[in-house]
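In: need the 3D shape of this:
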Amino acid sequence: MHQHFPTVLCSFKQRFATTHKLAELEARQNEVAIKISEAENFNDEARLKEVVLKEEIIRLKEEIKVCEATLSSLDEGKNKCIAETIRYKKELENVRKNKSQMVEDQRKVEQELLQMAYKWSVLCSEYELDRMAARNPSGGFLFFIVNKTSNYTIMLRLPTFSRSLVS
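Out: Model (predicted):
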């Protein structure tokens, strides 16, 4: 037995070392299993975040499409407003030109009316002179002063030797 004792002892040491190593491996296996579980949880969370982010990306892309459509519509509206503004400015310029022309035409008509009033006044004065001369053939001559700007006529009766008209 003594003889087998070192062999048994050696065998016992090997078994004890193996058992100890097995316990270390099991502990290490538990640590690795925990780390694998943590990694799987992290991986699951990452996949879940990826799905959420992909859905967010899809929602944002749709929102971008809606915003681009709205922007395009606003650009069209802006272009229409610019075109209308240009058209209104041209129309305003035409109205101003027409108004200016109408003012000029009105001035010319007023000037023509003044000239016609003057001519009418002269004709009336000549008529009156002729009428007076016809009533009083030997009474002298009448001298008329006609003022264009104030539209008045002054008639003077002066005794003279001959009849004459000054306008």
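
In: going forward, measure contacts between C-alpha atoms and count neighbours the same way
Out: Noted.

In: would you check how far apart Ala23 and Leu60 are?
Out: 54 Å (Cα to Cα, to the nearest Å).

In: in the chain, mark out all the strands, start to finish.
Out: Listed in chain order, the strands of the chain (DSSP state E) span 141-147, 152-158.

In: what about the last one, average pLDDT?
Out: Spelled out, that is strand 152-158. Summarised as a single mean, pLDDT over strand 152-158 is 51.

In: can you check stretch 93-111 too?
Out: Stretch 93-111 comes out at a mean pLDDT of 95.

In: tell me the average confidence for stretch 18-38?
Out: Throughout stretch 18-38, pLDDT has a mean value of 88.

In: which positions within that stretch qualify as buried?
Out: Residues of stretch 18-38 include none that count as buried (16 or more other Cα atoms under 10 Å).

In: how about that stretch as CSV, C-alpha atoms only?
Out: The C-alpha trace of stretch 18-38 is given here as CSV (Å, rounded to 0.1, in the frame of the first residue of the first chain):
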residue,chain,number,x,y,z
THR,A,18,-9.2,18.4,-12.9
THR,A,19,-12.1,19.0,-10.5
HIS,A,20,-10.7,22.4,-9.7
LYS,A,21,-10.1,23.1,-13.3
LEU,A,22,-13.6,21.9,-14.1
ALA,A,23,-15.0,24.3,-11.4
GLU,A,24,-12.9,27.2,-13.0
LEU,A,25,-14.2,26.3,-16.4
GLU,A,26,-17.8,26.1,-15.2
ALA,A,27,-17.3,29.5,-13.5
ARG,A,28,-15.7,30.8,-16.8
GLN,A,29,-18.6,29.2,-18.7
ASN,A,30,-21.1,31.0,-16.5
GLU,A,31,-19.2,34.3,-17.1
VAL,A,32,-19.1,33.7,-20.8
ALA,A,33,-22.8,32.8,-20.8
ILE,A,34,-23.6,36.0,-18.9
LYS,A,35,-21.5,38.0,-21.4
ILE,A,36,-23.2,36.2,-24.3
SER,A,37,-26.6,36.9,-22.7
GLU,A,38,-25.6,40.6,-22.3
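
In: let the chain start at 28 from now.
Out: Okay, residue one is now 28; in that scheme the one you just asked about reads as stretch 45-65.

In: how far off centre is that stretch?
Out: Relative to its parent chain, stretch 45-65 has a centroid offset of 74 Å by Cα atoms, centre = their mean, to the nearest Å.
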